[in-house]
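Participant: okay, here's the prediction I keep looking at, along with the sequence it came from:
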Amino acid sequence: MGRFEDKVVVVTGAGSIADGWGNGRATSVVYADEGAKLVLVDRNPDALAHTAELVEKHGAKCITVTADVSDADGVAHFVDAAIEAFGRIDVLQANVGIGSIGSLLNYEQSKWDLMFRVNVTSLFLAAKAVVPHMKRTGGGAIVNVSSIASMRSVGQPFAAYSSSKAAANQLIRAIAVEFAPDNVRCNSVVVGYVDTPTVAVAYRNLDTEARESLQHDRAALVPLRRQGTAWDIARASAYLASDDAQFVTGTEIVVDGGMTNAAPHS
């Protein structure tokens, strides 16, 4: 019996921006390995279908829902589908997020608004929609995937991204306290430098030598001397969602190889 046997897990951002193992895809497979029934949500139907294929190979039942989770109608769509298919929601794994680099002085308000809509409003809408179902069945867990940029500078002009992720962290803390009496636990996985398809896409215009140099430099900033993988994030998420963490709520687990504790390299 896995930790999520007879549990229904909703994973938003379950696809991947490109080939490979993004956080959402890897986390979906980890939940599948531990017996969960899965509701996979993403805007990209092709990426979603690939994740579903992988999940089913691991023996899990799943449904897929193509939806924009920063929109109330999109959230209602996947919640209704989950209840129709499985009758309950036990875990919300909130993976959706975007980021961009830009100086405060040059940052357009439209980009700022989009950052907060995707990184914060989507979490607000999803939590608002799933918590009543969790209360009805005796509790549940929400796991928010955040970033160390929410806690400290990472050497880039990240005002909008950092602010949105910090807001999401605090939203999770507030929800955790409000619904603790209902046994709804809420926590964040705070991610450091992770080698995922999102990073590959961000630097796709660099030549091979420049990409390799960048990857080396990123790893050198981590005390463990490597970047994380999507599996590192997936395992931390599954812990927080499981009964192994039944006394853990309203907090963050930092998964960054020690980076936030290290002084910047000169």
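Facilitator: Perfect, I can see it now.
Participant: so what's V10 up against?
Facilitator: L38, V39, V41, F78, V79, A82, I89, V91, L92, Q93, A126, V130 (Cβ atoms under 8 Å, 6 or more residues apart in numbering). C-beta coordinates here come from the backbone N, C-alpha and C atoms, glycine included.
Participant: what about it, which helix or strand?
Facilitator: Here V10, judged by DSSP states H and E, is contained in strand 8-12.
Participant: mind listing the helices for the stretch 1-150 of the chain?
Facilitator: Assigned by DSSP state H, counting those that start in this stretch, the helices in the stretch 1-150 of the chain fall at 23-33, 45-57, 72-86, 109-116, 122-136.
Participant: what sits up against the third one?
Facilitator: Residues from elsewhere that reach helix 72-86 (Cβ under 8 Å, 6+ apart): 8, 10, 12, 37, 39, 41, 63, 65, 67-69, 89, 122, 125-126, 129-130, 133.
Participant: what do you get if the cut-off is 6 Å, keeping everything else the same?
Facilitator: 8, 10, 37, 39, 41, 63, 65, 67-69, 89, 125-126, 129 (Cβ atoms under 6 Å, 6 or more residues apart in numbering).
Participant: averaged pLDDT, that helix. What do you get?
Facilitator: Mean pLDDT, helix 72-86: 98.
Participant: would you mark the buried spots in that helix?
Facilitator: For helix 72-86, burial by neighbour count (16 or more other Cβ atoms under 10 Å) applies to G74, V75, H77, F78, V79, A81, A82, F86.
Participant: who touches the residue lying closest to V254 once chain neighbours are set aside in this structure?
Facilitator: Distances taken as Cβ to Cβ, 6 or more residues apart in numbering place V190 nearest to V254, at 4.5 Å, with adjacent residues excluded. Applying Cβ under 6 Å, 6+ apart to V190 gives the contacts S146, I148, E252, V254.
Participant: of these - the most surrounded one?
Facilitator: In terms of neighbour count, S146 stands highest of the contacts of V190 at 27 neighbours, by other Cβ atoms under 10 Å.
Participant: can you put the buried residues of helix 72-86 in CSV and add distance to L48?
Facilitator: Supplementary listing: the buried residues of helix 72-86 in CSV, determined by distance: Cβ to Cβ, whole Å:
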residue, distance to L48
G74, 13
V75, 16
H77, 13
F78, 11
V79, 17
A81, 13
A82, 14
F86, 17
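Participant: what is the nearest of those residues to T260?
Facilitator: Minimum distance to T260 across the buried residues of helix 72-86 is 31.3 Å, recorded for V75 (Cβ to Cβ).
Participant: excluding its backbone neighbours, what's nearest the closest one?
Facilitator: Nearest non-adjacent residue to V75 (Cβ to Cβ, 6+ apart): L125, at 4.5 Å.
Participant: so where do the strands sit in the stretch 151-266 of the chain?
Facilitator: Using DSSP state E, counting those that start in this stretch, the strands of the stretch 151-266 of the chain run over 184-191, 251-255.
Participant: out of those strands, which is closest to K111?
Facilitator: strand 184-191 (21.6 Å).
Participant: re the thing from before, between which two of the contacts of helix 72-86 is the distance greatest?
Facilitator: So, the contacts of helix 72-86 by Cβ to Cβ: farthest apart are K37 and D68, at 23.2 Å.
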